[in-house]
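Predicted coordinates and the sequence they were generated for:
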Amino acid sequence: MFDQILSDFTQSFSVVPAGAAFARLVAAMVLAGLIGVERERRHQPAGLRTHILVSVAACLFVILGQELAALDFGGMGEQRTDPLRMIGAVTQGVAFLAAGIIITAGGEVKNITTGASLWLAGAVGLGCGAGQLALAAMATAIVLVVLILLRALEARLWPRPGHDD
């Protein structure tokens, strides 16, 4: 019985096999989690869970887009699928969330780095969803270098009291 349920579940995927879809979603979770841990450690408003949710959602949107593009919506030439519009929609949604994190207080902009990292977590999720796991991992590594190593370098070169992004 369980084998039949699993078989029915995995057969419902037409473009991205269930195992690959799961691997992509897990990769989006892990990679964004690495970024989120750094933000969490810095006590920023968007941390581990937020970064993971944004990345997994972006990944899911790409996989769903691939699946929807494979459905028969009519004759040839009647179906209009544009992966760039899907990426644009995800990017706009994440940018909306990121903008909500950024605040201005006392003439100083706060949380802009966290907003940018959240936006990037969405891009990492898009990469994972498209099956570009190596590219998403490279971007994650670069982000961690920027967030950790460059922050330490900035603190040594240009110390600013009370500055914590």
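On my side now, so go ahead. Numbering: from 1, shown residues only.

Where in the protein is the helix or strand with the lowest mean pLDDT?
Scoring the helices and strands of the chain by mean pLDDT, DSSP states H and E places helix 2-11 at the bottom, with a mean of 65.

Quick one: mean pLDDT for whichever helix or strand comes after it?
The helix or strand immediately downstream of helix 2-11 is helix 18-41, counting by DSSP states H and E. Rounded to a whole number, the mean pLDDT of helix 18-41 is 96.

Can you spell out which helices and strands pack onto helix 18-41?
helix 2-11, helix 48-70, helix 112-129, helix 133-144 (3 or more C-beta pairs under 8 Å, 6 or more residues apart in numbering; DSSP states H and E). For glycine as for every other residue, the C-beta is placed from the backbone atoms N, C-alpha and C.

Would you format the ones you listed as JSON lines with distance to residue 151 included?
Formatted as JSON lines, those follow (distance: least, C-beta to C-beta, whole Å):
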{"stretch": "helix 2-11", "distance to residue 151": "44"}
{"stretch": "helix 48-70", "distance to residue 151": "17"}
{"stretch": "helix 112-129", "distance to residue 151": "9"}
{"stretch": "helix 133-144", "distance to residue 151": "11"}
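
which one of the ones you listed is the most hemmed in?
helix 112-129 (a mean of 25; mean count of other C-beta atoms under 10 Å).

For it, what does the pLDDT average out to?
Per-residue scores along helix 112-129 average to 94.

Show me what that helix is packed against.
On a contact count with 3+ C-beta pairs under 8 Å, 6+ apart, helix 112-129 meets helix 18-41, helix 48-70, helix 83-101, helix 133-144.
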